[in-house]
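Asks: next one to model:
(2 chains)
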Amino acid sequence: MTVSNISKKQESISNLKTTIPFAFKIVFQNRVHIVIAVAVFTIFWIAFNIFDQLLFFSPVVTFYLPDDAMAGFILTNLISMLMGILVAMNIFAIRNSKLKLDKSLFSGSILGIASSTCASCSSIGFLVISAFGGFGILATDFLTNYQTPLRIVSIAILLWASYTVHNKITKPCTFNALTDNNHEKQTTPP
Amino acid sequence: MKNNRICAVLVRVTLVIFLAALATFLSLLLSSLQPYPQPFYAFAQIQQNAALSLSNLIKQGAAYQGTTSAPVTLIDFSDLQCHLCDRFVKATEPIINSTYVQTGKVAFVFLHLPNRGFDSFPAALAAQCTNDQGKFWQYHNLLYDNQGPIDSGWASKDNLKKFASQITGLDMQKFNSCFDSQKNNTIVENNVALAHSLGFTQTPSFIIVKNDGSNPQKLEGPQPFPEFKFLLDKELGGP
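Replies: Modelled structure (predicted):
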């Protein structure tokens, strides 16, 4: 790896410190996106806690958090939060982008959906799949034993998806700013 | 061009998976919100009363806690490899025990539903062999305390024997003979058949009945104490 590559990487990482808050600011200055994020978070929070057998509606509504479920609960909260943020950012990008939906935007959505499916399967998989005999038992073993790693993978995918959408939201501005600067440089008399 | 096609295919496949997951979630949610179907009650009341009576369960070799004169019976269908059963054992069972079982209001019965892995059935057989010598609950607690990932080898036949050897007062010769000959195969299979006849497929699953097996109320999953309290009080005719 050359010195210029390393410095470019360092520069792009330091850029994230400004572009991520900027992306959040422009997305969540609109209350509609806050409502969307909260709604998505709530739906996923309820779904995950039902599947993890922490939230019960019948015969009485009860939520409890036993010691063994603490790690899973923290991970599902993170997934729900990231899903809320990601969906709101995607909706912002779709509503505000003059460009057609291109690969980067789709990849964000795909990753978001795939990770939510993956995360759901890690919880509900064993409920559904236990009906399939011997193969079901093997699949159940896998999903139950590797539930935490699967959730960590889905968090990583969601973070990557958020980064992709954040790029989509912030890059056009950078691009416009650069072209504007170039244009000014070219038009300014020496 | 080719990338766009791949992208479009990926989008479609992912959407199908997502919709399938969503449909499964909604159907599970709806089924959990619906009251239990009437035919279940009718079937249970007519056909299952005798099978679910405390005297019959004890006669069939089930392990139990509490007095035989308790007006209500709480039947637990569990798998010794199931981590959600372990959650129930650690978080909810002690409160039920101190509130209802020790006070003579409820008898707590354990039945086997070994469906989580390949080592579940041998674990159930081993536990049933300890029940023959009146050491079931010690063995039950020992297995849950040492529970590992499903089918990881923690409940292998050798380990099941090692766990049994840790129980004071257990005759290991009798235990080994019982376990190796699969003496209690029929008992465990009958437990599984009873669970299936009640519509239970997941563990832990519970049914609360009166002493004679009448008026069944089902609960599925490692539910917290308030859920049990609601149904047990209802069954006891209390508040």
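
Asks: for residue A:41, helix, strand, or coil?
Replies: helix (DSSP: H, G, I helix; E, B strand; the rest coil).

Asks: now the helices for chain A?
Replies: Under the criterion DSSP state H, chain A carries helices at the ranges A:3-28, A:31-51, A:70-96, A:103-129, A:133-145, A:147-187.

Asks: worst average pLDDT in those?
Replies: Here the helices of chain A differ in mean pLDDT, and the lowest is helix A:103-129 at a mean of 49.

Asks: close to chain B, is stretch A:150-157?
Replies: No: if you take C-beta under 8 Å from any C-beta of the partner chain as the test, stretch A:150-157 misses chain B, and the best it gets is 11.8 Å. Every C-beta, even on glycine, is put in place using the N, C-alpha and C of the backbone.

Asks: give the buried residues for that stretch.
Replies: Residues of stretch A:150-157 classed as buried by neighbour count (16 or more other C-beta atoms under 10 Å in any protein chain shown): A:150-151, A:154-155, A:157.

Asks: kindly report the same for stretch A:50-62.
Replies: By neighbour count on 16+ other C-beta under 10 Å, the buried set for stretch A:50-62 is A:50-56, A:58-59, A:62.

Asks: ok, stretch A:29-39 next?
Replies: By neighbour count on 16+ other C-beta under 10 Å, the buried set for stretch A:29-39 is A:33, A:36-37.

Asks: and those residues as a markdown table, adding distance to residue A:162?
Replies: Putting the buried residues of stretch A:29-39 into a markdown table (distance: C-beta to C-beta, whole Å) gives the following:
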| residue | distance to residue A:162 |
| --- | --- |
| A:33 | 14 |
| A:36 | 15 |
| A:37 | 12 |
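
Asks: returning to what we had before: from the buried residues of stretch A:50-62, list the ones also adjacent to chain B.
Replies: Residues of the buried residues of stretch A:50-62 in contact with chain B (C-beta under 8 Å from any C-beta): A:50-51, A:53, A:56, A:58-59, A:62.

Asks: pick out the most distant pair among the residues you listed.
Replies: Farthest-apart pair in those is A:51 and A:59; separation 19.3 Å (C-beta to C-beta).

Asks: for residue B:72, give me phi and psi.
Replies: Residue B:72 has phi and psi values of phi -130, psi 150 when expressed as degrees, to the nearest 10.

Asks: looking at the buried residues of stretch A:50-62, which are in strands?
Replies: Using DSSP state E, the members of the buried residues of stretch A:50-62 that fall in strands are A:55-56, A:62.

Asks: could you point out which of these is nearest to chain B?
Replies: Closest to chain B out of those is residue A:62 (4.8 Å), distances taken as C-beta to the nearest C-beta.

Asks: just grab the bridge partners of the closest one for me.
Replies: For residue A:62, the beta-bridge partners are residue A:56 (DSSP bridges).

Asks: can you show me the strands along chain B?
Replies: Using DSSP E, the strands found in chain B span residues B:63-65, B:72-78, B:106-112, B:205-210, B:217-220.

Asks: out of the ones you listed, nearest to chain A?
Replies: With C-beta to the nearest C-beta as the yardstick, what comes closest out of the strands of chain B is strand B:217-220 (8.0 Å).

Asks: chain center to that closest one: distance?
Replies: Centroid separation for strand B:217-220 versus its chain: 11 Å, with C-alpha atoms, centre = their mean, to the nearest Å.

Asks: likewise stretch B:74-93?
Replies: 6 Å.

Asks: just stretch B:127-146 next, same as before
Replies: Counting by C-alpha atoms, centre = their mean, stretch B:127-146 comes out at 15 Å from the chain centroid.

Asks: what does that stretch contact?
Replies: With contact meaning C-beta atoms under 8 Å, 6 or more residues apart in numbering or on different chains, stretch B:127-146 is reached by B:61, B:63, B:65, B:80, B:85-86, B:89-90, B:110, B:112, B:123, B:126, B:154-155, B:163-164, B:166-167, B:169-171, B:174-175, B:178-179, B:183-184, B:187-188.

Asks: in it, what counts as buried?
Replies: The neighbour-count check on stretch B:127-146 (16+ other C-beta under 10 Å) flags B:127-133, B:135-140, B:142-144 as buried.
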